[in-house]
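Participant: pasting the sequence and the predicted coordinates here, then a few questions.
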Amino acid sequence: MAAKKLGVIGTGDFGRAFTIRAQLANLEVVMGSRDPTHRHLECIDPNLSKTTVLDLMDCIADSDLIIVAIHPTNYKMLSRFKDKLKDKILVDVSNCSRVDISNAEFLFSETGARVVKAFNGLSAWALQSESFGGSKDVHICSDDIEAKLAVMQLTRDIGFTPVDRGNLSAAHAIESETGRLFPEWAGPTAFAWGLFFVYTMWTIARMFMREKIIWSEYPLTRLNPAVCTTSVSLLACCYLPGEFAAFFQLYHGNKHTRFPNWLDKWMKSRKQLGLWSFFFATFHVLISVCVLASWNLGHFYEIDYKMYTVNTNVTIPVPSEFRFFYIGEIMLLMGILSYITMAILAVSSIPSISTRLNWMEFTFLQSYLGYLCLSLVLAHILILGIRYWLRITEVFLLLRSFTFISCLLPILVLLLKLILLLPCLYIPLQRIRKGCEMKTPWQKVATGDENNVSLMAITPV
């Protein structure tokens, strides 16, 4: 960094934390305050005992790169030093407080300086704590390339990672991002819990249909099918949009045509849907362990009975031995393998893990391993439920079965995947994804004389 000294205007929590962080990086820092004689910073933090605190004019004069750590409402105060700030680099670290214009653009309009937006995603705690577990990315934007490069170097010097976001016009988006609560999770979360609510209502409806209402079993035992079906449906919804996208590309014969908005949003929500699927799968595993009671032992065990005579005329069977039979073992094996596979998919989506994977490794885990997980889940459900489906003759009774409902989406996803693996579709799809454009029979072909030249296609000189 080419500055003589790093200036920090503002002696609040952020200004003090930034100063300490910069000093630990062996940078020379001077702080600016409207009333420097009453700023006894060493009483607040002993690390600031040797820090020089000047008035605003001297701080600006003594620094080339200045961190503006004051509230945006006080930016007008800096307009008094407009002439001195003309060639200075001002770094706006504030977050969104106005609708019409970003704080960084407002600072530029008030000072005319070389304004850079940066560090607004960091808190004072993040600057002072080495054990800070959040992102170390610092989003930076500015219209002055040289000033932006200086701030990016400063970011590296104090131990963070700069991310170039372009011109200063991006400042409003950078400021707004810190005030939104999980913006990418709103839609997938509403869908996941909405689906769970629908399945939960269906479990209640089933109890009324069977005229056997035992509310004492509902908090866990009767809720478990809804939890399982939600998990399976969400997992299938992770892979269904990718197949729709493949058919969309085959239809248009290229990969450049933009997906419809609903499909584009669905594609971008797959990670969130997958993690919610893993959440409900974990919930299902815990419930299944807790409610493994006598009424469902028949799914897993063969039971040997011994006959005991009571009095002289009554003989009753008493269970004497429990042992797994092969169907129960296979069903549990499929369930365990599918859960372990789903756990691997969830872990590989963590940013610190996914950034260490190359594209081929990430694709293998999230695509091939994902379809394997879906197949294992389907096998787990089929082994459990297909024995009972064969006894049902009425369609409505079949739809009352949660094991049957759980299989519908996974079967659809795997069937579409098998169709896309047919050579007549797989080969063209791979060519399209490599950038080739293919003509399809249903696309309109322009007719006319090939020798005619369209005047609209000629660029005037």
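Facilitator: Now that the structure is in, tell me what you want to look at. Numbers count the residues shown, from 1 in each chain.
Participant: so which residues of this protein form strands?
Facilitator: Counting by DSSP state E, the chain has strands at residues 6-9, 29-33, 52-55, 65-68, 89-92, 114-117, 137-142, 161-164, 301-310, 314-324.
Participant: save those as a markdown table, and put in mean neighbour count too.
Facilitator: Glycine gets a C-beta too; all of them are placed from N, C-alpha and C. Output for the strands of the chain, formatted as a markdown table (neighbours: other Cβ atoms under 10 Å):
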| stretch | mean neighbour count |
| --- | --- |
| strand 6-9 | 26 |
| strand 29-33 | 23 |
| strand 52-55 | 17 |
| strand 65-68 | 26 |
| strand 89-92 | 28 |
| strand 114-117 | 28 |
| strand 137-142 | 23 |
| strand 161-164 | 14 |
| strand 301-310 | 11 |
| strand 314-324 | 10 |
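Participant: what segments of the stretch 351-461 of the chain are helices?
Facilitator: For the stretch 351-461 of the chain, applying DSSP state H, counting those that start in this stretch gives helices covering 351-354, 359-363, 369-389, 395-399, 402-420, 423-433.
Participant: list the contacts of the first one.
Facilitator: What that stands for is helix 351-354. Applying Cβ atoms under 8 Å, 6 or more residues apart in numbering, the external contacts of helix 351-354 come out as 135, 347, 348, 362.
Participant: how far out from the middle of the chain is that helix?
Facilitator: 12 Å (Cα atoms, centre = their mean, to the nearest Å).
Participant: what is the neighbour count of the closest residue to residue 274 other than its chain neighbours?
Facilitator: Excluding the flanking residues, the one nearest residue 274 by Cβ to Cβ, 6 or more residues apart in numbering is residue 238, at 4.7 Å. Around residue 238 sit 24 other residues, with neighbours defined as other Cβ atoms under 10 Å.
Participant: pLDDT wise, what is residue 238 at?
Facilitator: You'll see residue 238 listed with a pLDDT of 94.
Participant: what does the one 5 residues further on give?
Facilitator: In this model, residue 243 is scored at 93, pLDDT.
Participant: again, but for residue 294
Facilitator: 49.
Participant: got it, and residue 149?
Facilitator: At residue 149, the pLDDT recorded in the model is 94.
Participant: neighbours around it, how many?
Facilitator: Count around residue 149 with other Cβ under 10 Å applied: 16.
Participant: nearest spatial neighbour of residue 222, skipping sequence neighbours?
Facilitator: Using Cβ to Cβ, 6+ apart, the nearest residue to residue 222 is residue 203, at 5.4 Å.
Participant: report the buried residues of the lengthiest helix in the chain.
Facilitator: Scanning the chain for the helix with the most residues, using DSSP state H, yields helix 224-252. For helix 224-252, a neighbour-count test (16 or more other Cβ atoms under 10 Å) marks 224-246, 248-250, 252 as buried.
Participant: do the same with stretch 103-118
Facilitator: Result for stretch 103-118 [16+ other Cβ under 10 Å]: buried residues 103-108, 110-118.
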